[in-house]
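In: A structural model of the following input is requested.
(2 chains)
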Amino acid sequence: MNIKNLSGEYPQKISETRNRGILVTGLRLLAILQILQKGEVAKNEIADFITKEFCIKEFSKETLKLDINTLIASGFEIKRKGSGEGFRYLLNKKILFRKFNKEETEILRLIKEAALELSDYKQILFVKSFFEDIRECFPCDFSSEILDFGFYNRVNPIIVKKIETLIKDKKCCKIIYDSPSKGKREIDGIPDKIVKRNGKLYLNCYAKKYDGKITLRVDNIMSVEETDKIPEFEILYEKPVRYTVKKDYLENHPLLESEKIIKTGGKKVEIESDEEDEFFIIQRILSLGTNCLKIDNDKIKSKAAYYLKKTLENYR
Amino acid sequence: MSFKINSGTKIFDIIEILAESPASVKEICLKLKLRGIEADKKAASKYLRTLKRACFDITKESGCYNIIRTPFEAEFDEECQKGAEIIFTFIGYLFKNNETRDIEILKLKLFDLLKKQYEAKDKENLFKNNIAVTKKVSENLLILNKYTDNPVFELKILYKNKNMKVEPKEIKFNKNGIFLYCRNKTNKKKSFLRVEYINKITPNKTKNAETAIKKNGTIFKITGSLMKNYILRKGETAKYCDNQVLVTNTKEEKEELFSRLIKYRENCEVVYPLSDREKFIEKIEKLIEYYKSM
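Out: The predicted structure follows:
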C-alpha cells in the first residue's frame, strides 16, 4: 500500500519527538476510530489520516488489518463493505467514551423524575429516547433504574406520532386495541386528544360502536391506520363534574391536570373536573375517600358507592 | 473465525477507568491490575500521554486524572437532541445557582457528548433558564437525593424552625413546588415538606442495611383487567400464580397505598398482613356509610 508521506506539516524530528514515550498501537486504534466516526472510509484513507494527523509512518497494510480486527474484538461495530463499494469500512454504532459516575447518574435520575412530573408526554418520550441513546454512559448497576420510565417503557412512539397526525387532521381511523378485559378488537373512530392521567397516557376517541366516546390506554394500542370513513354520529360533550374537597388535603396533594379550583372558602375547596371519562372521575372520588366532602352529581356518587359494595364482596 | 488482535486495547481499559471516575496513577495501576494488565507508574503515564496525543482533554486535580473532553463526536437524531435540550432546561431550572463540582462536571460531560450538535452555541447558554430554583433549594436537592429511598438513614432537619427527624422517601416535583415526601419519625405520619423550608440537614445512620431491607410490606392481589395494565411501582415486587398476581409493596405509606388500591375496585384485594386487610375493609365500610350520609 502506498502511504503518503505528509510530514511537511510535522517535520520528521518533531513528529518523532511527539510520538516518543507513547503507546503507538493504542494511538493508531484511536486514530482509526476518529476517522471512522466521520463516515465510511477506505483503508488507504485511514492510512493517510494516521500519517497526516498523528505522524505515524511505520505501519503496513497488514498492521491496519490487525488494528481493525482488534477494534472489532473490542466491541466496536465496524462493517466492511464489499468490492462494489471499494472495500470501505463503516462504523455502525456511536462511540461514546463517556461514563457518568454514580453521583452524576443520581443527579440525572433526579432530573428524569422532574421531567416525568413536570413535562408533557412528548417531552418525556424525547428524554427517554436520549437516555436510551446514551445508555452506555451509565454505570451498569444504575442503568436499569435510570432507563426505567415506568409507563412510558410500554409506549410505542411511532403509534403516538400517528395518532397525533390523525388528531391534527381530524381523520377517521381503525385502531387495533388489545383490551385487558376483552382481548384484541377493532375500533373505528376519530381520535380526539391524548390525555395524561396519573402518569399514564390515554386516547380519547369518538366511536359510534361505544356510545360515541371511548377512552383507550395508549400502551394497549397495537396499531392505528387512517381510514376514509365519514363519522355518522353526533359528538356529545359531558358537563364538567364538581366536588368539594378538604382544604388541608389539597395542601399536601396536587390537583390533577383535569381539575381546577372554582371556589375556596373556610376549610373547603370546590373543584371542577373536565375529565370526560366517568371511570376516571369515579377513580378520583374513591381515592379522595372522606377528604371529599360533597359530590354534585348523584349518578357519580351512587356509582362510587356501588363499586365500593362490589369491592367489599371480595372480602366476604 | 478467530483472528489475531494487538496489544493496543489497553488504551480502552484506561479510557474506561478514567471515564468512570478521576484516578491517580497509583489507582490506575491498581485498576489495570484488576483487569489483568500489569502496569507500573511509568506505563500508566505512557498511556495517559497517548490519550493526550489522541486529543483527549485530560486534567489533573489533587493528583487525580480526569477526562474532560474526548475527540469523539457522536451524532444524535432530532428526537434525542430534543430530549437532551429538555435535560439542559432542567439542569438550568434545578441547578442554575449551584456551582458544585459534581454539577459542573456533569454539564461538561453532557456538553461533550453533544458537542457536534451544539458546537456553534455557547455552552452556558444551553443550560440557561429564566426560571430557576434558589441556591438553597438546589443545594438541599443534592443532599436529599442521596438519602431518599435509602432505608439505612434518617435525617435530622430544621423545618420552619422546628427540629424534626424524618425518613426521606421521595422527592416530588409539582407545579406548586418541590417537596420531600417523608415519614415524620416524631408523629409517625407521612409528610410533604417544602424543600425550600428545609434547613440544617444531618444524616444519621440508624439501621444496618440487612435489617433495613427486612421490612415487611403489604401484599395485595390483582385480578381481571388490572393484571395486564398494572405497572409495578418502586418498591413493589410481583408473583404470578393461579391466574392472579400477588404484589408486595414495601415502600408506600399505608394511608397512601390504601387510597390508591381502593380505586382499583373489585380488581384488587388486600391479602396480607391480616391487620392491613382488616383496616382496608374498615376503610371501605366507612366510605360506604359516608356516601350514604353525604
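
In: show me what the helix or strand where residue B:52 lies is packed against.
Out: Applying DSSP states H and E as the criterion places residue B:52 in helix B:41-53. With contacts defined as 3 or more Cβ pairs under 8 Å, 6 or more residues apart in numbering or on different chains; DSSP states H and E, helix B:41-53 has these neighbours: helix A:24-36, helix B:10-20, helix B:25-34, strand B:57-61. Bear in mind the C-beta positions are built from the backbone N, C-alpha and C, glycine included.

In: give me that answer again for 10 Å
Out: Here helix B:41-53 touches helix A:24-36, helix B:10-20, helix B:25-34, strand B:57-61, strand B:64-69, going by 3 or more Cβ pairs under 10 Å, 6 or more residues apart in numbering or on different chains; DSSP states H and E.

In: out of those, which gets nearest to residue A:275?
Out: Nearest to residue A:275 among those is helix B:10-20 (47.5 Å), distances taken as Cβ to Cβ.

In: residues of that closest one that come out buried?
Out: B:10, B:11, B:12, B:13, B:14, B:15, B:17, B:18, B:19 (16 or more other Cβ atoms under 10 Å in any protein chain shown).

In: ok, and the closest non-adjacent residue to the residue of the stretch 51-200 of chain B found nearest chain A?
Out: The minimum distance from the stretch 51-200 of chain B to chain A, using Cβ to the nearest Cβ, falls at residue B:83 (2.9 Å). Excluding its sequence neighbours, the residue lying closest to residue B:83 (Cβ to Cβ, 6 or more residues apart in numbering or on different chains) is residue A:130, at 2.9 Å.

In: next one: that neighbour relative to residue A:124, how far apart?
Out: According to Cβ to Cβ, to the nearest Å, residue A:130 and residue A:124 sit 11 Å apart.

In: joint contacts of the two?
Out: In terms of Cβ atoms under 10 Å, 6 or more residues apart in numbering or on different chains, residue A:130 and residue A:124 are both contacted by the residues B:83, B:86.

In: before we move on, back to that, show me which of the buried residues of helix B:10-20 has the smallest pLDDT value.
Out: In terms of pLDDT, the weakest of the buried residues of helix B:10-20 is residue B:19, which scores 83.

In: now for the spatially closest residue to that one that is not a sequence neighbour, how many residues are close by?
Out: Once flanking residues are discounted, residue B:19 sits nearest to residue A:99: 3.6 Å by Cβ to Cβ, 6+ apart. Residue A:99 has 20 neighbours, counted by other Cβ atoms under 10 Å in any protein chain shown.

In: pretty sure residue A:99 contacts residue A:139?
Out: Yes. Judged on Cβ atoms under 10 Å, residue A:99 makes contact with residue A:139 at a distance of 6.9 Å.

In: what is in contact with those two at once?
Out: Common neighbours of residue A:99 and residue A:139, using Cβ under 10 Å, 6+ apart, are A:105, B:20, B:21.

In: closest one to residue B:181 out of the residues you listed, please.
Out: Set against residue B:181, the nearest of the shared contacts of residue A:99 and residue A:139 by Cβ to Cβ is residue A:105 (21.4 Å).

In: what's the neighbour count on the residue of the stretch 51-200 of chain B closest to chain A?
Out: 25.

In: just checking, what packs against the one helix or strand it maps to?
Out: Element membership for residue B:83, per DSSP H and E: helix B:78-95. When contacts are defined as 3+ Cβ pairs under 10 Å, 6+ apart, helix B:78-95 packs onto helix A:102-118, helix A:121-133, helix B:101-113, helix B:115-118, helix B:123-126, helix B:135-147, strand B:162-174.

In: if we go to 7 Å?
Out: helix A:102-118, helix A:121-133, helix B:101-113, helix B:135-147 (3 or more Cβ pairs under 7 Å, 6 or more residues apart in numbering or on different chains; DSSP states H and E).

In: turn the shared contacts of residue A:99 and residue A:139 into JSON lines, including distance to residue A:248 and pLDDT.
Out: Output for the shared contacts of residue A:99 and residue A:139, formatted as JSON lines (distance: Cβ to Cβ, whole Å; pLDDT from 0 to 100):
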{"residue": "A:105", "distance to residue A:248": "37", "pLDDT": "91"}
{"residue": "B:20", "distance to residue A:248": "47", "pLDDT": "78"}
{"residue": "B:21", "distance to residue A:248": "46", "pLDDT": "79"}
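
In: just those now: which is nearest residue A:135?
Out: For the shared contacts of residue A:99 and residue A:139, the minimum distance to residue A:135 (Cβ to Cβ) is 11.4 Å, reached by residue A:105.

In: list the beta-bridge partners for residue 193.
Out: Answering for chain A, as no chain was given. With DSSP bridges as the criterion, residue A:193 is bridged to residue A:204.

In: sorry, I should have been clearer: chain B.
Out: Here residue B:193, judged by DSSP bridges, has bridge partners residue B:180.

In: that one touches residue B:183, doesn't it?
Out: No. Contact between residue B:193 and residue B:183 fails when scored by Cβ atoms under 7 Å: they sit 11.0 Å apart.

In: between the two, which has more neighbouring residues?
Out: Looking at residue B:193 and residue B:183 with other Cβ under 10 Å, you find the greater number of neighbours at residue B:193, namely 21 against 16.

In: ok, the nearest residue to residue B:178 once chain neighbours are set aside to residue B:130 distance?
Out: Counting by Cβ to Cβ, 6+ apart, residue B:195 is the residue found nearest to residue B:178 once chain neighbours are left out, at 4.6 Å. Using Cβ to Cβ, residue B:195 is found at 20 Å from residue B:130.

In: likewise residue B:291?
Out: As judged by Cβ to Cβ, residue B:291 and residue B:130 stand 47 Å apart.

In: between the two, tell me which one has more neighbours.
Out: Just comparing residue B:291 and residue B:130: by other Cβ under 10 Å the higher neighbour count belongs to residue B:291, 18 against 7.

In: can you tell me the helix or strand for the residue nearest to residue B:19?
Out: Counting by DSSP H and E, residue A:99 is found in no helix or strand.
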